[in-house]
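next comes the sequence, and after it the predicted model I'd like to discuss.
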Amino acid sequence: MTMRKMNIRENWPRWTKLTIAVSATVMLSSYKPLPSLVEQIKTLGELRVATRTGPLVFYRGPDEIPQGPEYELAQRFADELGVRLKIIPMRTYDDIYKAINTGRVHLAAAGLKVPGQDITGIEFGPAYQTVREHLIYRRGSAHPNSLADIGNADLEIAAGSSHALYLRAARNRFPGLVWVENASTDSQALLDGVADGSVDYTIADSSEFAMAHDAHPDLRIAFDLPGEQSIAWAASVRDRGFIRDLSVFFGRLRAQGQLAAIMQRFYGRSDETVLAGTRTFMGHLQSRLPLYRKWFEEAAEQSDQDWRLLAAMGYQESKWNPSAASGSGAVGLMQLTGVTASETQVANPTNARESIFGGARYLREVYDKIPAHVAEPDRTWFALAAYNIGYGHLEDARVLAQKAGRDPDSWDDVREFLPLLEHEQWYGKTQNGYARGSEPVRYVDNVRGYRDLLEWAWSADSNTASLN
(Lines give C-alpha, C1' and ligand atoms only; values in the text may rest on other atoms or scores of the structure.)
Protein backbone atom coordinates (compact mmCIF):
# COMPACT_ATOMS: atom_id res chain seq x y z
CA MET A 1 0.00 0.00 0.00
CA THR A 2 1.42 3.35 -0.98
CA MET A 3 1.91 6.22 1.48
CA ARG A 4 -0.69 8.32 -0.42
CA LYS A 5 -3.37 5.67 -0.04
CA MET A 6 -2.55 5.33 3.64
CA ASN A 7 -2.96 9.08 4.18
CA ILE A 8 -6.34 9.08 2.47
CA ARG A 9 -7.52 6.17 4.59
CA GLU A 10 -6.25 7.76 7.78
CA ASN A 11 -7.81 11.10 6.94
CA TRP A 12 -11.20 9.60 5.90
CA PRO A 13 -12.87 9.68 9.32
CA ARG A 14 -11.83 13.29 9.79
CA TRP A 15 -13.23 14.35 6.39
CA THR A 16 -16.39 12.32 6.98
CA LYS A 17 -17.03 13.99 10.32
CA LEU A 18 -16.38 17.41 8.81
CA THR A 19 -18.83 16.75 5.96
CA ILE A 20 -21.54 15.56 8.35
CA ALA A 21 -20.97 18.57 10.58
CA VAL A 22 -21.24 21.00 7.67
CA SER A 23 -24.39 19.26 6.34
CA ALA A 24 -26.01 19.35 9.77
CA THR A 25 -25.21 23.05 10.11
CA VAL A 26 -26.81 23.76 6.73
CA MET A 27 -29.89 21.70 7.59
CA LEU A 28 -30.34 23.35 10.97
CA SER A 29 -29.95 26.81 9.49
CA SER A 30 -32.71 26.06 6.94
CA TYR A 31 -35.01 24.14 9.33
CA LYS A 32 -38.48 25.52 9.89
CA PRO A 33 -40.72 24.06 12.59
CA LEU A 34 -43.86 22.32 11.39
CA PRO A 35 -46.85 24.65 11.41
CA SER A 36 -49.23 24.24 14.33
CA LEU A 37 -52.65 22.72 13.76
CA VAL A 38 -54.26 26.16 14.02
CA GLU A 39 -51.86 27.46 11.36
CA GLN A 40 -52.70 24.49 9.14
CA ILE A 41 -56.43 25.15 9.57
CA LYS A 42 -56.00 28.81 8.65
CA THR A 43 -53.92 27.91 5.60
CA LEU A 44 -56.57 25.41 4.53
CA GLY A 45 -59.31 27.94 5.23
CA GLU A 46 -61.51 25.24 6.71
CA LEU A 47 -62.13 23.69 10.14
CA ARG A 48 -63.12 20.06 9.73
CA VAL A 49 -65.20 18.73 12.60
CA ALA A 50 -66.48 15.19 13.17
CA THR A 51 -69.83 14.95 14.92
CA ARG A 52 -72.90 12.80 15.35
CA THR A 53 -76.46 13.51 14.31
CA GLY A 54 -78.88 13.95 17.19
CA PRO A 55 -80.84 16.44 19.28
CA LEU A 56 -77.97 17.13 21.69
CA VAL A 57 -75.28 17.40 19.03
CA PHE A 58 -76.08 18.40 15.42
CA TYR A 59 -79.13 18.30 13.17
CA ARG A 60 -80.83 20.30 10.43
CA GLY A 61 -83.92 22.31 11.29
CA PRO A 62 -86.44 24.06 9.05
CA ASP A 63 -84.95 25.50 5.84
CA GLU A 64 -82.11 22.95 6.26
CA ILE A 65 -80.44 25.34 8.74
CA PRO A 66 -77.82 23.51 10.85
CA GLN A 67 -78.64 23.49 14.55
CA GLY A 68 -77.50 21.86 17.76
CA PRO A 69 -75.23 22.87 20.64
CA GLU A 70 -72.12 21.25 19.19
CA TYR A 71 -72.73 22.93 15.85
CA GLU A 72 -73.06 26.36 17.45
CA LEU A 73 -69.87 25.90 19.46
CA ALA A 74 -67.93 24.66 16.43
CA GLN A 75 -69.22 27.53 14.30
CA ARG A 76 -68.05 30.04 16.90
CA PHE A 77 -64.61 28.44 16.98
CA ALA A 78 -64.39 28.53 13.18
CA ASP A 79 -65.45 32.18 13.19
CA GLU A 80 -62.70 33.01 15.68
CA LEU A 81 -60.15 31.32 13.41
CA GLY A 82 -61.56 33.15 10.41
CA VAL A 83 -62.29 29.97 8.44
CA ARG A 84 -65.35 28.16 7.17
CA LEU A 85 -66.79 25.21 9.08
CA LYS A 86 -67.14 21.78 7.53
CA ILE A 87 -69.27 19.38 9.58
CA ILE A 88 -68.73 15.67 8.93
CA PRO A 89 -71.41 13.50 10.61
CA MET A 90 -70.34 9.99 11.60
CA ARG A 91 -72.29 7.09 13.00
CA THR A 92 -69.95 5.53 15.56
CA TYR A 93 -67.41 6.69 18.11
CA ASP A 94 -64.81 4.41 16.53
CA ASP A 95 -65.28 6.22 13.22
CA ILE A 96 -64.81 9.56 14.97
CA TYR A 97 -61.58 8.59 16.71
CA LYS A 98 -60.23 7.03 13.52
CA ALA A 99 -60.94 10.25 11.61
CA ILE A 100 -58.93 12.20 14.18
CA ASN A 101 -55.99 9.80 14.12
CA THR A 102 -55.82 9.74 10.32
CA GLY A 103 -56.04 13.52 10.06
CA ARG A 104 -59.32 13.49 8.19
CA VAL A 105 -60.75 15.91 10.77
CA HIS A 106 -59.17 18.47 13.06
CA LEU A 107 -61.37 17.76 16.06
CA ALA A 108 -64.53 16.00 17.19
CA ALA A 109 -67.46 17.90 18.68
CA ALA A 110 -69.91 15.08 19.25
CA GLY A 111 -71.16 15.17 22.83
CA LEU A 112 -68.25 12.93 23.83
CA LYS A 113 -67.95 11.76 27.40
CA VAL A 114 -64.38 11.81 28.67
CA PRO A 115 -63.59 8.12 29.29
CA GLY A 116 -61.87 6.75 32.37
CA GLN A 117 -59.22 5.09 30.19
CA ASP A 118 -56.99 6.67 27.54
CA ILE A 119 -57.87 6.26 23.87
CA THR A 120 -54.86 5.75 21.60
CA GLY A 121 -53.86 8.95 19.85
CA ILE A 122 -56.71 10.99 21.36
CA GLU A 123 -56.61 13.85 23.84
CA PHE A 124 -59.67 15.57 25.25
CA GLY A 125 -60.05 19.30 25.67
CA PRO A 126 -61.55 21.11 28.64
CA ALA A 127 -64.87 19.87 29.97
CA TYR A 128 -67.51 22.38 28.90
CA GLN A 129 -70.43 20.48 30.37
CA THR A 130 -70.98 17.82 33.02
CA VAL A 131 -73.84 15.36 33.07
CA ARG A 132 -75.27 13.20 35.80
CA GLU A 133 -76.88 9.83 35.27
CA HIS A 134 -80.47 9.54 36.50
CA LEU A 135 -82.68 6.53 37.05
CA ILE A 136 -85.98 7.58 35.46
CA TYR A 137 -89.52 6.48 36.30
CA ARG A 138 -93.03 7.66 35.47
CA ARG A 139 -95.06 9.75 37.87
CA GLY A 140 -97.64 7.58 39.60
CA SER A 141 -95.61 4.38 39.35
CA ALA A 142 -93.39 2.85 42.04
CA HIS A 143 -90.61 5.21 43.08
CA PRO A 144 -87.37 3.29 43.77
CA ASN A 145 -84.83 4.89 46.08
CA SER A 146 -81.94 2.67 45.00
CA LEU A 147 -81.16 -0.14 42.58
CA ALA A 148 -82.10 -2.58 45.33
CA ASP A 149 -85.73 -1.40 45.07
CA ILE A 150 -86.11 -2.30 41.40
CA GLY A 151 -86.74 -5.99 42.06
CA ASN A 152 -88.38 -7.74 39.12
CA ALA A 153 -89.37 -4.53 37.36
CA ASP A 154 -88.20 -3.84 33.81
CA LEU A 155 -84.96 -1.81 33.72
CA GLU A 156 -83.91 -1.17 30.14
CA ILE A 157 -80.95 0.74 28.72
CA ALA A 158 -79.47 1.27 25.26
CA ALA A 159 -76.84 -1.28 24.30
CA GLY A 160 -73.33 0.13 24.15
CA SER A 161 -74.16 3.01 26.45
CA SER A 162 -71.94 4.06 29.33
CA HIS A 163 -74.78 3.23 31.72
CA ALA A 164 -74.04 -0.48 31.29
CA LEU A 165 -70.58 -0.01 32.82
CA TYR A 166 -72.08 1.29 36.05
CA LEU A 167 -74.68 -1.48 36.23
CA ARG A 168 -72.05 -4.18 35.77
CA ALA A 169 -69.99 -2.72 38.58
CA ALA A 170 -73.08 -2.37 40.78
CA ARG A 171 -73.89 -6.06 40.39
CA ASN A 172 -71.24 -6.83 43.05
CA ARG A 173 -73.41 -4.99 45.57
CA PHE A 174 -76.74 -6.09 44.13
CA PRO A 175 -76.31 -9.70 42.89
CA GLY A 176 -79.97 -9.92 41.89
CA LEU A 177 -79.86 -6.85 39.66
CA VAL A 178 -81.17 -7.60 36.18
CA TRP A 179 -81.50 -5.28 33.20
CA VAL A 180 -81.97 -5.39 29.44
CA GLU A 181 -79.49 -3.84 27.00
CA ASN A 182 -81.55 -3.05 23.91
CA ALA A 183 -79.52 -2.91 20.69
CA SER A 184 -82.43 -1.65 18.58
CA THR A 185 -83.17 1.57 20.44
CA ASP A 186 -81.62 4.66 22.02
CA SER A 187 -82.02 6.61 25.24
CA GLN A 188 -84.68 8.97 23.87
CA ALA A 189 -86.85 6.07 22.73
CA LEU A 190 -86.50 4.41 26.13
CA LEU A 191 -87.55 7.62 27.84
CA ASP A 192 -90.61 7.63 25.58
CA GLY A 193 -91.23 4.05 26.72
CA VAL A 194 -91.11 5.05 30.38
CA ALA A 195 -93.50 7.92 29.63
CA ASP A 196 -96.08 5.66 27.96
CA GLY A 197 -95.68 2.85 30.51
CA SER A 198 -94.13 0.23 28.20
CA VAL A 199 -90.83 0.43 30.14
CA ASP A 200 -90.66 0.63 33.93
CA TYR A 201 -87.28 2.27 34.35
CA THR A 202 -84.33 3.47 32.32
CA ILE A 203 -81.10 5.37 32.93
CA ALA A 204 -80.50 8.64 31.12
CA ASP A 205 -78.00 11.45 31.21
CA SER A 206 -79.23 14.70 32.72
CA SER A 207 -79.05 16.35 29.27
CA GLU A 208 -81.16 13.59 27.72
CA PHE A 209 -83.70 13.86 30.52
CA ALA A 210 -83.95 17.64 30.11
CA MET A 211 -84.75 17.18 26.44
CA ALA A 212 -87.33 14.44 27.04
CA HIS A 213 -89.03 16.15 29.98
CA ASP A 214 -90.17 18.95 27.71
CA ALA A 215 -92.28 16.45 25.75
CA HIS A 216 -93.08 14.15 28.69
CA PRO A 217 -93.67 16.14 31.89
CA ASP A 218 -94.69 12.94 33.73
CA LEU A 219 -91.12 11.65 33.66
CA ARG A 220 -89.44 11.81 37.06
CA ILE A 221 -85.95 11.31 38.47
CA ALA A 222 -85.92 8.50 41.03
CA PHE A 223 -82.31 9.05 42.10
CA ASP A 224 -78.91 9.99 40.72
CA LEU A 225 -76.16 7.50 40.12
CA PRO A 226 -72.88 8.46 41.84
CA GLY A 227 -70.52 10.94 40.23
CA GLU A 228 -70.61 13.12 37.16
CA GLN A 229 -69.25 12.71 33.66
CA SER A 230 -67.53 15.41 31.64
CA ILE A 231 -68.36 16.32 28.04
CA ALA A 232 -65.49 17.63 25.91
CA TRP A 233 -64.12 17.96 22.41
CA ALA A 234 -61.46 15.51 21.24
CA ALA A 235 -58.36 16.10 19.12
CA SER A 236 -55.07 14.42 18.27
CA VAL A 237 -52.29 14.16 20.85
CA ARG A 238 -49.82 15.23 18.15
CA ASP A 239 -50.38 18.94 18.80
CA ARG A 240 -50.93 19.62 22.49
CA GLY A 241 -50.85 23.32 21.74
CA PHE A 242 -54.18 22.86 19.97
CA ILE A 243 -55.71 21.57 23.18
CA ARG A 244 -54.47 24.74 24.91
CA ASP A 245 -56.14 26.76 22.15
CA LEU A 246 -59.40 24.95 22.88
CA SER A 247 -59.02 25.69 26.58
CA VAL A 248 -58.62 29.39 25.85
CA PHE A 249 -61.65 29.32 23.55
CA PHE A 250 -63.96 27.65 26.07
CA GLY A 251 -62.62 29.78 28.90
CA ARG A 252 -63.56 32.91 26.98
CA LEU A 253 -67.04 31.56 26.14
CA ARG A 254 -67.62 30.70 29.76
CA ALA A 255 -66.42 34.07 31.06
CA GLN A 256 -68.63 35.96 28.60
CA GLY A 257 -71.70 33.89 29.48
CA GLN A 258 -72.04 32.61 25.92
CA LEU A 259 -71.51 28.98 26.87
CA ALA A 260 -74.31 29.09 29.47
CA ALA A 261 -76.60 30.78 26.94
CA ILE A 262 -76.05 28.04 24.37
CA MET A 263 -76.66 25.31 26.92
CA GLN A 264 -79.85 27.00 28.12
CA ARG A 265 -81.10 27.42 24.56
CA PHE A 266 -80.92 23.71 23.83
CA TYR A 267 -81.45 22.13 27.24
CA GLY A 268 -83.73 24.63 28.94
CA ARG A 269 -87.45 24.01 28.91
CA SER A 270 -89.08 25.88 26.05
CA ASP A 271 -92.55 27.40 26.09
CA GLU A 272 -92.65 27.98 22.33
CA THR A 273 -95.07 25.10 21.76
CA VAL A 274 -97.09 25.42 24.97
CA LEU A 275 -100.75 26.34 24.44
CA ALA A 276 -101.63 29.64 26.09
CA GLY A 277 -104.60 29.71 28.46
CA THR A 278 -107.95 30.89 27.13
CA ARG A 279 -107.99 33.93 29.42
CA THR A 280 -104.54 35.02 28.22
CA PHE A 281 -105.49 34.48 24.61
CA MET A 282 -108.74 36.44 24.92
CA GLY A 283 -106.86 39.30 26.54
CA HIS A 284 -104.43 39.43 23.63
CA LEU A 285 -107.36 39.10 21.24
CA GLN A 286 -108.64 42.44 22.48
CA SER A 287 -105.34 44.26 23.05
CA ARG A 288 -103.03 43.01 20.28
CA LEU A 289 -104.95 41.51 17.38
CA PRO A 290 -106.70 44.78 16.40
CA LEU A 291 -103.25 46.22 15.60
CA TYR A 292 -102.59 43.53 12.98
CA ARG A 293 -105.96 42.12 11.88
CA LYS A 294 -106.14 44.26 8.73
CA TRP A 295 -102.75 42.92 7.56
CA PHE A 296 -103.76 39.32 8.28
CA GLU A 297 -106.88 39.85 6.17
CA GLU A 298 -104.95 41.49 3.31
CA ALA A 299 -102.24 38.80 3.34
CA ALA A 300 -104.90 36.07 3.38
CA GLU A 301 -106.72 37.61 0.41
CA GLN A 302 -103.48 37.98 -1.53
CA SER A 303 -102.45 34.35 -0.95
CA ASP A 304 -105.97 32.84 -1.03
CA GLN A 305 -106.02 31.68 2.60
CA ASP A 306 -108.12 32.08 5.72
CA TRP A 307 -107.02 35.11 7.75
CA ARG A 308 -108.00 33.41 11.01
CA LEU A 309 -105.61 30.55 10.27
CA LEU A 310 -102.80 33.04 9.61
CA ALA A 311 -103.67 34.94 12.77
CA ALA A 312 -103.68 31.70 14.77
CA MET A 313 -100.21 30.91 13.40
CA GLY A 314 -99.02 34.38 14.33
CA TYR A 315 -100.25 33.90 17.87
CA GLN A 316 -98.59 30.51 18.19
CA GLU A 317 -95.36 31.89 16.78
CA SER A 318 -95.05 35.11 18.79
CA LYS A 319 -98.22 35.86 20.76
CA TRP A 320 -98.66 38.65 18.15
CA ASN A 321 -95.42 40.27 19.24
CA PRO A 322 -93.36 41.65 16.31
CA SER A 323 -90.27 41.90 18.53
CA ALA A 324 -90.24 38.19 19.42
CA ALA A 325 -87.07 36.19 18.78
CA SER A 326 -86.30 32.50 19.23
CA GLY A 327 -83.10 30.75 20.14
CA SER A 328 -82.95 29.20 16.67
CA GLY A 329 -82.65 32.60 15.00
CA ALA A 330 -86.26 33.09 13.91
CA VAL A 331 -87.61 36.59 14.52
CA GLY A 332 -90.73 38.68 14.20
CA LEU A 333 -94.44 38.14 14.46
CA MET A 334 -94.40 35.10 12.16
CA GLN A 335 -90.95 33.92 13.36
CA LEU A 336 -89.22 33.89 10.00
CA THR A 337 -85.66 32.59 9.72
CA GLY A 338 -83.12 34.48 7.67
CA VAL A 339 -83.47 32.00 4.81
CA THR A 340 -87.27 32.18 4.81
CA ALA A 341 -87.26 35.98 5.02
CA SER A 342 -84.97 36.11 1.99
CA GLU A 343 -87.06 33.62 0.01
CA THR A 344 -90.29 35.51 0.75
CA GLN A 345 -88.74 38.92 0.02
CA VAL A 346 -89.01 40.21 3.57
CA ALA A 347 -86.40 42.92 4.10
CA ASN A 348 -87.20 43.52 7.77
CA PRO A 349 -88.70 40.51 9.60
CA THR A 350 -89.33 42.61 12.73
CA ASN A 351 -91.74 44.78 10.75
CA ALA A 352 -95.15 43.31 11.59
CA ARG A 353 -96.69 43.89 8.16
CA GLU A 354 -93.72 42.44 6.27
CA SER A 355 -93.60 39.44 8.60
CA ILE A 356 -97.30 38.66 8.19
CA PHE A 357 -97.16 38.88 4.39
CA GLY A 358 -93.92 36.85 4.33
CA GLY A 359 -95.40 34.18 6.58
CA ALA A 360 -98.49 33.95 4.41
CA ARG A 361 -96.38 33.55 1.26
CA TYR A 362 -94.25 30.87 2.90
CA LEU A 363 -97.30 28.91 4.12
CA ARG A 364 -98.74 29.09 0.60
CA GLU A 365 -95.41 27.86 -0.78
CA VAL A 366 -95.24 24.77 1.44
CA TYR A 367 -98.96 24.14 0.95
CA ASP A 368 -98.44 24.00 -2.81
CA LYS A 369 -95.70 21.37 -2.29
CA ILE A 370 -98.17 19.01 -0.62
CA PRO A 371 -99.52 16.59 -3.26
CA ALA A 372 -102.77 17.93 -4.68
CA HIS A 373 -104.55 14.62 -4.11
CA VAL A 374 -104.27 15.04 -0.32
CA ALA A 375 -107.74 15.95 0.89
CA GLU A 376 -108.66 18.80 3.20
CA PRO A 377 -108.24 19.48 6.02
CA ASP A 378 -105.22 17.12 6.04
CA ARG A 379 -103.42 19.15 3.38
CA THR A 380 -103.63 22.25 5.56
CA TRP A 381 -102.39 20.38 8.65
CA PHE A 382 -99.46 19.07 6.60
CA ALA A 383 -98.67 22.62 5.46
CA LEU A 384 -98.68 23.86 9.07
CA ALA A 385 -96.35 21.04 10.11
CA ALA A 386 -94.00 21.83 7.22
CA TYR A 387 -94.03 25.52 8.17
CA ASN A 388 -92.80 24.49 11.61
CA ILE A 389 -90.35 21.68 10.89
CA GLY A 390 -89.53 21.97 7.19
CA TYR A 391 -91.00 20.17 4.21
CA GLY A 392 -88.20 17.59 4.03
CA HIS A 393 -88.81 16.32 7.54
CA LEU A 394 -92.57 16.15 6.90
CA GLU A 395 -91.90 14.01 3.83
CA ASP A 396 -89.65 11.74 5.91
CA ALA A 397 -92.54 11.11 8.32
CA ARG A 398 -94.93 10.43 5.44
CA VAL A 399 -92.48 7.89 3.99
CA LEU A 400 -92.15 6.17 7.36
CA ALA A 401 -95.93 6.02 7.67
CA GLN A 402 -96.28 4.51 4.20
CA LYS A 403 -93.59 1.88 4.88
CA ALA A 404 -95.45 0.92 8.06
CA GLY A 405 -98.66 0.33 6.10
CA ARG A 406 -100.31 3.55 7.24
CA ASP A 407 -101.86 6.29 5.12
CA PRO A 408 -99.22 8.93 4.19
CA ASP A 409 -102.03 11.29 3.15
CA SER A 410 -103.71 11.20 6.59
CA TRP A 411 -102.61 13.71 9.20
CA ASP A 412 -103.88 11.44 11.97
CA ASP A 413 -101.55 8.69 10.75
CA VAL A 414 -98.52 10.83 9.92
CA ARG A 415 -98.62 12.72 13.22
CA GLU A 416 -97.79 9.42 14.94
CA PHE A 417 -94.57 9.11 12.91
CA LEU A 418 -93.27 12.66 13.24
CA PRO A 419 -92.05 12.13 16.85
CA LEU A 420 -90.11 9.07 15.65
CA LEU A 421 -87.75 11.45 13.85
CA GLU A 422 -86.23 12.13 17.27
CA HIS A 423 -84.88 8.57 17.53
CA GLU A 424 -81.86 7.25 15.69
CA GLN A 425 -83.34 3.90 14.74
CA TRP A 426 -85.95 5.87 12.76
CA TYR A 427 -84.25 9.06 11.58
CA GLY A 428 -81.27 6.95 10.51
CA LYS A 429 -83.53 5.55 7.78
CA THR A 430 -84.64 8.94 6.47
CA GLN A 431 -83.23 11.33 3.92
CA ASN A 432 -83.14 14.40 6.16
CA GLY A 433 -82.09 12.90 9.49
CA TYR A 434 -82.98 14.02 12.99
CA ALA A 435 -85.79 16.47 13.71
CA ARG A 436 -87.72 17.53 16.80
CA GLY A 437 -90.73 15.70 15.52
CA SER A 438 -92.91 16.23 18.57
CA GLU A 439 -92.91 19.99 18.03
CA PRO A 440 -94.89 20.13 14.75
CA VAL A 441 -97.52 17.85 16.28
CA ARG A 442 -98.03 20.26 19.18
CA TYR A 443 -97.73 23.20 16.78
CA VAL A 444 -100.58 21.98 14.58
CA ASP A 445 -102.74 21.17 17.62
CA ASN A 446 -102.16 24.64 19.08
CA VAL A 447 -102.80 26.52 15.84
CA ARG A 448 -106.02 24.59 15.36
CA GLY A 449 -107.04 25.50 18.90
CA TYR A 450 -106.36 29.21 18.41
CA ARG A 451 -108.09 29.19 15.05
CA ASP A 452 -111.18 27.62 16.66
CA LEU A 453 -111.20 30.38 19.29
CA LEU A 454 -110.94 33.02 16.57
CA GLU A 455 -113.78 31.43 14.61
CA TRP A 456 -115.87 31.30 17.75
CA ALA A 457 -115.11 34.96 18.44
CA TRP A 458 -116.29 35.94 14.95
CA SER A 459 -118.96 33.24 14.71
CA ALA A 460 -117.32 31.89 11.57
CA ASP A 461 -118.03 28.62 9.85
CA SER A 462 -115.36 26.09 10.92
CA ASN A 463 -115.17 24.79 7.36
CA THR A 464 -113.47 27.95 6.06
CA ALA A 465 -110.07 27.09 7.50
CA SER A 466 -108.64 25.37 4.43
CA LEU A 467 -106.26 26.88 1.93
CA ASN A 468 -108.43 26.07 -1.08
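Sure thing, it's come through. It should be emphasised that the depicted structure is a prediction, and the values quoted were computed from it without experimental measurement.

what are the boundaries of the strands in the chain?
46-51, 59-60, 66-67, 84-89, 107-113, 122-124, 129-131, 133-138, 156-158, 180-182, 202-205, 219-224, 229-236 (DSSP state E).

which strands border the first one, and is each parallel or antiparallel?
This means strand 46-51. Strand 46-51 has these partner strands in its sheet, going by DSSP bridges: strand 84-89 (parallel), strand 107-113 (parallel).

nearest spatial neighbour of Tyr128, chain-adjacent residues omitted?
Spatial nearest neighbour of Tyr128, excluding adjacent residues (C-beta to C-beta, 6 or more residues apart in numbering): Phe250 at 5.0 Å. (Each C-beta comes from the backbone N, C-alpha and C, glycine too.)

now the stretch 1-150 of the chain, which segments are flagged as low pLDDT?
1-33, 62-63 (pLDDT under 70).

ranges for the helices of the stretch 201-350 of the chain?
Taking DSSP state H, counting those that start in this stretch as the test, the helices found in the stretch 201-350 of the chain are 206-215, 240-255, 258-267, 278-287, 289-303, 307-318, 338-343.

can you say which of these is packed in most?
Mean neighbour count (mean count of other C-beta atoms under 10 Å) peaks for helix 307-318 among the helices of the stretch 201-350 of the chain, with a mean of 25.

before we move on, back to that, quick one: which of the strands paired with strand 46-51 is nearest Gly433?
Closest to Gly433 of the strands paired with strand 46-51, according to C-beta to C-beta: strand 84-89, at 7.9 Å.

what residues of the closest one count as buried?
Within strand 84-89, the residues that qualify as buried are 85, 87, 89, counting by 16 or more other C-beta atoms under 10 Å.

OK, contacts around the first one?
Counting by C-beta atoms under 8 Å, 6 or more residues apart in numbering, Leu85 makes contact with 46-47, 49, 74-75, 78.

same thing with the last one?
Listed by C-beta under 8 Å, 6+ apart, the contact set of Pro89 reads 50-53, 58, 433.

that one pairs with what?
Pro89 forms beta bridges with Thr51, as assigned by DSSP bridges.

now the strands of the chain as CSV including distance to Tyr427?
What follows is these, written out as CSV (distance: least, C-beta to C-beta, whole Å):
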stretch, distance to Tyr427
strand 46-51, 15
strand 59-60, 8
strand 66-67, 14
strand 84-89, 12
strand 107-113, 16
strand 122-124, 27
strand 129-131, 22
strand 133-138, 22
strand 156-158, 15
strand 180-182, 17
strand 202-205, 18
strand 219-224, 21
strand 229-236, 22
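
just name the most buried of the ones you listed.
Highest mean neighbour count among the strands of the chain (mean count of other C-beta under 10 Å): strand 202-205, with a mean of 26.

partners of that strand, with directions?
strand 133-138 (antiparallel).

just the angle for the partner strand relative to strand 229-236, thanks.
Angle between the axes of strand 133-138 and strand 229-236 is 130 degrees (criterion: axes from the mean of the first three to the mean of the last three C-alpha atoms, to 10 degrees).

off-centre distance for strand 133-138?
Distance of strand 133-138 from the chain centroid (C-alpha atoms, centre = their mean, to the nearest Å) equals 22 Å.

from Glu80, how far off is the residue nearest to Tyr128?
Distance check for Phe250 against Glu80: by C-beta to C-beta, to the nearest Å, it reads 11 Å.

any idea how far Tyr128 is from the nearest residue to Ala127 once chain neighbours are set aside?
Leaving aside its chain neighbours, Ala127 sits nearest to Ser230 (3.5 Å; criterion: C-beta to C-beta, 6+ apart). Ser230 sits 8 Å away from Tyr128, taking C-beta to C-beta as the criterion.

state the number of residues packed around Ser326.
Ser326 has 15 neighbours, counted by other C-beta atoms under 10 Å.

right, and it touches Gln335 too?
Yes. Shown here, Ser326 and Gln335 form a contact pair, counting by C-beta atoms under 8 Å, at 6.0 Å.

which ones are touching Leu289?
Taking C-beta under 8 Å, 6+ apart, one finds 311, 320 in contact with Leu289.

re earlier: nearest to Tyr362, of the strands of the chain?
Among these, the nearest to Tyr362 by C-beta to C-beta is strand 59-60 (17.6 Å).

indicate each strand paired with that closest one and its parallel or antiparallel sense.
Sheet partners assigned to strand 59-60 using DSSP bridges are listed as strand 66-67 (antiparallel).

apart from its neighbours in sequence, what residue is nearest Ala232?
Closest to Ala232 by C-beta to C-beta, 6+ apart is Phe124, at 4.4 Å.

now that neighbour: how far from Glu80?
Counting by C-beta to C-beta, the gap from Phe124 to Glu80 is 20 Å.

so where is the stretch 351-468 of the chain shaky, pLDDT-wise?
For the stretch 351-468 of the chain, the stretches flagged by pLDDT under 70 are 459-468.

apart from its chain neighbours, what residue comes closest to Trp307?
In space, and not counting its chain neighbours, Trp307 is closest to Ala300: 3.7 Å by C-beta to C-beta, 6+ apart.

now do the contacts for that neighbour.
Ala300 neighbours (C-beta under 8 Å, 6+ apart): 306-307, 309-310, 360.

does Phe174 touch Asp149 like I think?
No. Applying C-beta under 8 Å, one finds Phe174 not in contact with Asp149, separated by 10.0 Å.

bridged to the nearest residue to Tyr71 once chain neighbours are set aside, which residues?
What sits nearest to Tyr71 in space, not counting adjacent residues and going by C-beta to C-beta, 6+ apart, is Phe58, at 4.6 Å. When bridges are called by DSSP bridges, Phe58 pairs up with Thr53, Gly54.

burial of Phe58, as a residue count?
Close neighbours of Phe58, defined as other C-beta under 10 Å, add up to 25.

ok, now how distant is it from Gly193?
Look at Phe58 and Gly193: by C-beta to C-beta, they are 25 Å apart.

and what of Gly68?
Taken as C-beta to C-beta, the span from Gly68 to Gly193 is 24 Å.

between the two, which one's more packed in?
Taking neighbours as other C-beta under 10 Å, Gly68 and Gly193 compare with Gly68 leading, 25 against 19.

quick revisit: Arg138 versus the residue nearest to Tyr71, what's the distance?
From Phe58 to Arg138 the distance is 30 Å (C-beta to C-beta).

go on, Leu112?
Taken as C-beta to C-beta, the span from Leu112 to Arg138 is 30 Å.

list the beta-bridge partners for the residue lying closest to Gln75 once chain neighbours are set aside.
Distance criterion C-beta to C-beta, 6+ apart; nearest residue to Gln75, sequence neighbours excluded, is Leu85 at 5.3 Å. Beta bridges link Leu85 to Leu47, judged by DSSP bridges.

likewise for Thr202?
Bridge pairing for Thr202 - DSSP bridges - gives Ile136.

any chance of the strands paired with strand 46-51 in TSV, plus distance to Ile262?
Formatted as TSV, those follow (distance: least, C-beta to C-beta, whole Å):
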stretch	distance to Ile262
strand 84-89	15
strand 107-113	12
